[in-house]
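In: whatever this is, show me its structure:
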Amino acid sequence: MEFYRMDEYDVAVIGAGHAGIEAALASARLGAKTAIFTMSLDAIGNMPCNPSIGGTAKGHLVREIDALGGEMGKAADATFLQSRMLNQGKGPAVHSLRVQTDRERYHVEMKRRLEKQKNLDIIQAEIVDIKAEEGKVREIVTKLGAVYAVKSVIICSGTFLRGKIYVGDRCYDSGPDGLHAANELSKALERLGLPLRRFKTGTPARVRRDSIDYSLLEVQEGDTPIVPFSFETPREGLENKVVCHIAYTNEKTHQIIRDNLHRSPLYGGKIDGVGPRYCPSIEDKVVRFSEKPRHQTFVEPCGMETEEMYLQGLSSSLPEDVQLALYRSIRGFEQIKIMRNAYAIEYDCVDPQELQATLEFKKVEGLYGAGQFNGTSGYEEAAAQGLIAGINAARKVQGKPPFILDRASSYIGTLIDDLITKGCMDPYRMMTSRSEYRLLLRQDNADQRLTPLGYELGLISEERWQAYEKKQELIQQEIERVKNQTFGPLPELSAMLESKGTAPLSTGVHCADLIRRPQVSYEDLAPFDPERPELPWDVKEQVEIQIKYEGYIAKQLAQVEQMRRLESRALPEGLDYATVRGLRLEAIEKLNRIRPANIGQASRISGVSPADVSVLLIYLEQLGSHRRNDKE
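Out: Next up, the predicted model:
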């Protein structure tokens, strides 16, 4: 094949899914000449699985992306159909926003945002090769033979690498939604020495809206008032456009599945890839949770201008005829019509322990990975990684220091740290339980934690920064006022407190002390606080949370300081851990393979015990002592 040179870029992004979009936008906005390559412009921002954004812990990621200057939250606010705040019966640490999104409008919105971004070219082409010289990326090559000179490359390939679709005993090469698989790029990555492995995910069928009897299903309304994802989106004017519904499987459904397990590629041994532990197929749920008499499915629209409905919770790789039978066994689905059948997809991804905290590969300079290519599942996890990879790729070509978030700063930092230190044996999904600092890493305070960093990077506009500073000023002023405000033992106030199930007042009390009572909210005290200023809803939210959980927050901040002391103890580059006396063999093997940057990261590697950490600390002390003696 004849090759020809086309152009040159600072940063090339391969793939225009959720990771690729954030990577390309961040890189271009930071001043790097950027190109994003996709096999189809019509698949930009595609949602091949559930057309939704957010969810438990995932909503935290979206708000963190927005707080840093990313785009996912704004696009979700512009295209959502229904909004719900999950886990409202629990504390604010686990409150998580989730929206059902108009799939087609989301694609159009993201494509438009890419097209309007300065310093960014969008190119429809399949990348089949990445060339490196002396361990550093130099060029990428398209299927048509076009060669582009590049300084950095970010792989955001999603589930396309050697993608293979499974439906019953049928399988064929394909990406999601019938798009072409990317087979040649996998071979190029293997030539670069990257260890690839096979993961699997799946999706349920899409069915006709008018083939469902909604009178037999549970109604699931959206929440009001609506909380936007983006800190820049006004709350006013946001409204739910649809209702969703809930249906349930039954014993007949489960029997149909059990009778046909021999026709499932998952149980027939045809699928080698490892599937997501926390999002199993319906046949997997029936087998693993055989004691459960039913499983719920959420019936969710794919958009306002389509008849397609998404059946969340019913993903399957069973044959098409079995899919139809099991769906029609569900109450309300007796006449259901399938428009797109369910399927499983197997694809190549990389071991994330091959990556640094910047998401750059250790073995190939200038090569980055983001999204499902790194072993994660979910649009939100992908977008978060894409943002960090885009920031670091741009900063690297500009000669600037790397941008790294630690576990105490964000769920994004937790996600990346988990991937590069612990790895993943199945598609990684973010959950609030993965963070030891989740009281600090709430979705409501993502701007306080990350917007100053986004502003310092150059991803936050001056106008947004001024609005952020004004908000923080209002929060601190009101907290100080509330802490100094006192209430006497008013009969009306005592009656309100008793109605909330808490003790009435016998003496005067500070307003802040009342807010600290679990049963009492900041808003409950408004009728008794005539000096209270008019404040935006998000300011009032922060006042209440920061006062109510002040003691717990202080304890977690102390834990963070202890963690950061360990993070500050850097380990020597190139250290052969076999030379460190006292380390166990397993620790030596893991440390030499993962190459942690510091003691904190080393302590989180599976197979490195507290005793091994103590040995490393002693080694660093001795190393420092030797260096001091040499200087003297």
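In: next secondary structure after the helix or strand of the chain with the lowest mean pLDDT?
Out: Every helix and strand of the chain was ranked by mean pLDDT, DSSP states H and E. The lowest is helix 265-268, at a mean of 76. Note on helix 265-268: by DSSP states H and E, the next helix or strand toward the C-terminus is helix 282-288.
In: any buried residues in that next one, and which?
Out: 282-287 (16 or more other Cβ atoms under 10 Å). (Glycine included, C-beta is placed from N, CA and C.)
In: got the contact list for the host helix or strand of residue 561?
Out: Element membership for residue 561 (DSSP H and E) is helix 550-567. With contact meaning Cβ atoms under 8 Å, 6 or more residues apart in numbering, helix 550-567 is reached by 406-408, 436-437, 439-440, 516, 546, 598-601, 603.
In: average model confidence for stretch 211-231?
Out: Throughout stretch 211-231, pLDDT has a mean value of 97.
In: next: stretch 35-52.
Out: Stretch 35-52 comes out with an average pLDDT of 96.
In: what of stretch 433-445?
Out: 95.
In: keeping just the C-alphas, turn that stretch into CSV.
Out: The C-alpha coordinates for stretch 433-445 follow below in CSV (Å, rounded to 0.1, in the frame of the first residue of the first chain):
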residue,chain,number,x,y,z
SER,A,433,-17.6,2.5,48.5
ARG,A,434,-14.3,2.6,46.6
SER,A,435,-13.4,5.9,48.3
GLU,A,436,-12.1,6.1,51.9
TYR,A,437,-12.8,9.8,51.8
ARG,A,438,-16.3,9.9,50.4
LEU,A,439,-17.6,12.4,53.0
LEU,A,440,-15.1,14.9,51.6
LEU,A,441,-15.7,13.8,47.9
ARG,A,442,-19.4,14.7,47.7
GLN,A,443,-20.9,15.7,44.3
ASP,A,444,-22.2,19.0,45.8
ASN,A,445,-18.7,20.3,46.6
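In: show me which positions of it end up buried.
Out: So stretch 433-445, judged by 16+ other Cβ under 10 Å, has buried residues 434-435, 437-445.
In: where does the chain dip in pLDDT?
Out: Filtered on pLDDT under 70, the chain yields the residue ranges 268-269, 273, 275-278, 625-632.
In: now do 80
Out: Filtered on pLDDT under 80, the chain yields the residue ranges 1, 266-279, 624-632.
In: about what we covered before: now render the buried residues of helix 282-288 as CSV, adding distance to residue 134.
Out: Formatted as CSV, the buried residues of helix 282-288 follow (distance: Cβ to Cβ, whole Å):
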residue, distance to residue 134
282, 50
283, 49
284, 46
285, 50
286, 53
287, 51
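In: spatially nearest residue to the residue nearest to the spatial centre of the chain, not counting backbone neighbours?
Out: With distances taken as Cα atoms, centre = their mean, the residue of the chain nearest its centroid is residue 381 (2.4 Å). Spatial nearest neighbour of residue 381, chain neighbours left out: residue 430 (5.6 Å); criterion: Cβ to Cβ, 6 or more residues apart in numbering.
In: and for residue 172?
Out: Nearest residue to residue 172 in three dimensions, chain neighbours excluded: residue 165, at 5.7 Å (Cβ to Cβ, 6+ apart).
In: so which helix or strand takes in the one you found?
Out: Going by DSSP H and E, residue 165 is in strand 164-167.
In: ok, residue 33 - contacts?
Out: 8-11, 119.
In: who's in contact with stretch 283-292?
Out: Residues outside stretch 283-292 that contact it (Cβ under 8 Å, 6+ apart): 249, 254, 257-258, 261, 264, 266-267, 275, 280, 295, 316-318.
In: buried only: go through those for me.
Out: 249, 254, 257, 264, 266-267, 275, 280, 295, 316-318.
In: from what I see, the residue nearest to residue 381 and residue 55 are in contact.
Out: No - assessed by Cβ atoms under 8 Å, residue 430 is found out of contact with residue 55, at 9.3 Å.
In: shared neighbours, those two?
Out: The contact sets of residue 430 and residue 55 overlap at residue 380 (Cβ under 8 Å, 6+ apart).
In: which one's more surrounded, the two?
Out: Neighbour count, other Cβ atoms under 10 Å: between residue 430 and residue 55, residue 430 has more, with 26 against 23.
In: dump the residue contacts of the more buried one.
Out: Counted by Cβ under 8 Å, 6+ apart, residue 430 has contacts 57-58, 60-61, 378, 380-381, 411, 414-415.
In: how does it look with 6 Å?
Out: Listed by Cβ atoms under 6 Å, 6 or more residues apart in numbering, the contact set of residue 430 reads 57, 381, 415.
In: closest to residue 136 out of these?
Out: residue 415 (26.8 Å; Cβ to Cβ).
In: just give me the closest of the buried residues of stretch 433-445 to residue 451.
Out: Checking the buried residues of stretch 433-445 against residue 451 with Cβ to Cβ, the nearest one is residue 445 at 10.2 Å.
In: number of nearby residues for the residue nearest to the closest one when sequence neighbours are not counted?
Out: Nearest residue to residue 445 in three dimensions, chain neighbours excluded: residue 542, at 6.8 Å (Cβ to Cβ, 6+ apart). Neighbour count for residue 542, taken as other Cβ under 10 Å: 25.
In: and residue 542, how far from residue 74?
Out: 21 Å (Cβ to Cβ, to the nearest Å).
In: circling back: and the next element down the chain from the helix holding residue 561?
Out: Following helix 550-567 in sequence, per DSSP H and E, is helix 585-594.
In: what sits up against the next helix or strand after that following helix?
Out: On the C-terminal side of helix 585-594, the closest following helix or strand by DSSP H and E is helix 599-603. With Cβ under 6 Å, 6+ apart as the test, helix 599-603 has contacts from 421, 563, 566-567, 569, 596, 608, 613, 616.
In: could you rerun that using 10 Å?
Out: Contact partners of helix 599-603, identified using Cβ atoms under 10 Å, 6 or more residues apart in numbering, comprise 357, 406-407, 417, 420-421, 562-571, 577, 587, 590-591, 594-596, 608-610, 612-613, 616-617, 620.
In: for PyMOL, write a command that selects the buried ones of the residues you listed.
Out: Applying 16+ other Cβ under 10 Å to the contacts of helix 599-603, the buried members can be selected in PyMOL as follows:
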select buried, resi 357+406+407+417+420+421+563+566+567+569+571+577+587+590+591+594+595+596+608+612+613+616+620
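In: return the set of buried residues in stretch 217-236.
Out: Within stretch 217-236, judged by 16+ other Cβ under 10 Å, the buried ones are 217, 222, 226-233.
In: those in strands, which ones?
Out: When the buried residues of stretch 217-236 are checked against strands (DSSP state E), there are no matches.
In: could you dump these to CSV with distance to residue 392?
Out: Converted to CSV, the buried residues of stretch 217-236 look like this (distance: Cβ to Cβ, whole Å):
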residue, distance to residue 392
217, 46
222, 37
226, 34
227, 30
228, 28
229, 24
230, 23
231, 23
232, 24
233, 27
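In: secondary structure element holding the residue nearest to residue 445?
Out: helix 537-548.
In: show me what that helix is packed against.
Out: Identification of packing neighbours for helix 537-548 by 3 or more Cβ pairs under 10 Å, 6 or more residues apart in numbering; DSSP states H and E yields helix 446-457, helix 462-484, helix 511-515.
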